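*Asks:* the sequence and its predicted three-dimensional model are supplied below.
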Amino acid sequence: MSGSIKEDFYAIDGTPYFYELAGNILLNAGRLTDIQGFYEQAEDMLESLPKSGSLRSNIYMLYAFSAFTNEDYIKTIKLCEQISEGYEEIAEVYHIEALSYTYRFLDAEKANDSNLADEFLSKSIDLYVKAYKKGYQLSDKEQELIIRFSGQSIEELALPAPDFHKA
């Protein structure tokens, strides 16, 4: 099941944004999967960049996508959390983080850790909804996954919560 979601991810429009970013920041770094080696060298320097700066956020987005292509979902999530406030609201960031939690969910489910699986699934669905609300078009496989595990469509989940306090 996880292979089909990942295959769909690579076919989704918008993904080339990260490749363009990779080309602009690390033109001579080689393949995107090779960029992770630069992260360890640059980690201290990145922490010294202004927290609200777009350069810092773009570099973290690049590293997050590189970690994802290397199937390091724990690192992908960690890197997404380092993106400056305001920039994390880019639909692609929510989407890549949602996919990472989806793969963590599948791993926890295989390990029969239902508590961890439930936590990862909840975070994944929440992030899919955030990506959708920002205009990201989820694949059919992702929408099927959301319906199967939440019982609702992405459109239903994206609706504002009813206000029970109104008379």
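*Replies:* All right, it came through fine. As the structure is a computational prediction, the values presented were derived from the model and not from experiment.
*Asks:* quick check: Ile154 touching Ile146?
*Replies:* Yes: with contact defined as C-beta atoms under 8 Å, Ile154 reaches Ile146; the gap is 5.4 Å. For the C-beta atoms, the positions are set from N, CA and C on the backbone; glycine is no exception.
*Asks:* which elements pack onto the strand or helix carrying Ser66?
*Replies:* Per DSSP states H and E, Ser66 falls inside helix 54-69. Using 3 or more C-beta pairs under 8 Å, 6 or more residues apart in numbering; DSSP states H and E as the contact test, the elements touching helix 54-69 are helix 16-25, helix 36-48, helix 73-80, helix 91-110.
*Asks:* go again using 6 Å as the cut-off
*Replies:* Using 3 or more C-beta pairs under 6 Å, 6 or more residues apart in numbering; DSSP states H and E as the contact test, the elements touching helix 54-69 are helix 16-25, helix 73-80.
*Asks:* going by mean pLDDT, which of those helices comes out lowest?
*Replies:* Of all these, mean pLDDT reaches its minimum on helix 16-25 (a mean of 49).
*Asks:* low-scoring stretches of this structure, by residue?
*Replies:* The chain contains residues with pLDDT under 70 at 1-42, 44-45, 48-50, 53, 84-89, 161-167.
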